[in-house]
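Undergrad: the sequence and its predicted three-dimensional model are supplied below.
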Amino acid sequence: MPSGKKVILAFIASIPDGKISDMPDGTGSNPLWDSVDLRLDMQGMTSNSPKKHNLQIQINAEATHKSLKTQSKSKLNTSVAAVLAPPGSSPKKIREGFVKSLASGKIVVL
């Protein structure tokens, strides 16, 4: 079984360009893409100017991968990577931001 990190990296690579290139400017949580273990949520737009999409990869409560399931049950915050991306950001830049966020444990601002 691949490690939890490898599962997350594979999820990031699997996100279709169309899911992260034409995002709504709305508020509130909006799932954009998901798998059994993970989901990509847009948590709305930042309030500062210029506004940015608040994108997060989160562990699903129903995760089946052992380490992700354990992490999901042990934490209130199930986000594993986060990116603040201005409208029009390329899918490649957003994916790179998620990889950096996963490695650093911090929010990446594009």
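TA: Cool, got the structure.
Undergrad: for the chain, which helix is longest?
TA: The longest helix of the chain (DSSP state H) is helix 91-104.
Undergrad: next secondary structure after that helix?
TA: Next along the chain after helix 91-104, taking DSSP states H and E as the criterion, comes strand 108-109.
Undergrad: run through the neighbouring helices and strands of that next one.
TA: Applying 3 or more C-beta pairs under 8 Å, 6 or more residues apart in numbering; DSSP states H and E, one finds that strand 108-109 contacts strand 79-85, helix 91-104. All C-beta atoms are positioned from the backbone trio N, CA, C, and that covers glycine.
Undergrad: which one of those lies closest to K5?
TA: Nearest of these to K5, taken as C-beta to C-beta: helix 91-104 at 7.0 Å.
Undergrad: what does the closest one contact?
TA: Helix 91-104 is contacted by residues 5, 8-9, 12-13, 15, 17, 20-21, 55, 57, 80-83, 85, 107-108, 110 when judged by C-beta atoms under 8 Å, 6 or more residues apart in numbering.
Undergrad: hang on, the earlier thing: winner for burial among the helices and strands packed on strand 108-109?
TA: Most buried of the helices and strands packed on strand 108-109, by mean neighbour count (mean count of other C-beta atoms under 10 Å): strand 79-85, with a mean of 22.
Undergrad: list the strands paired with that one, with their directions.
TA: According to DSSP bridges, strand 79-85 forms sheet pairs with strand 53-59 (antiparallel), strand 108-109 (parallel).
Undergrad: now do it: distance to the chain's middle.
TA: In terms of C-alpha atoms, centre = their mean, to the nearest Å, the centre of strand 79-85 is set 5 Å apart from its chain centre.
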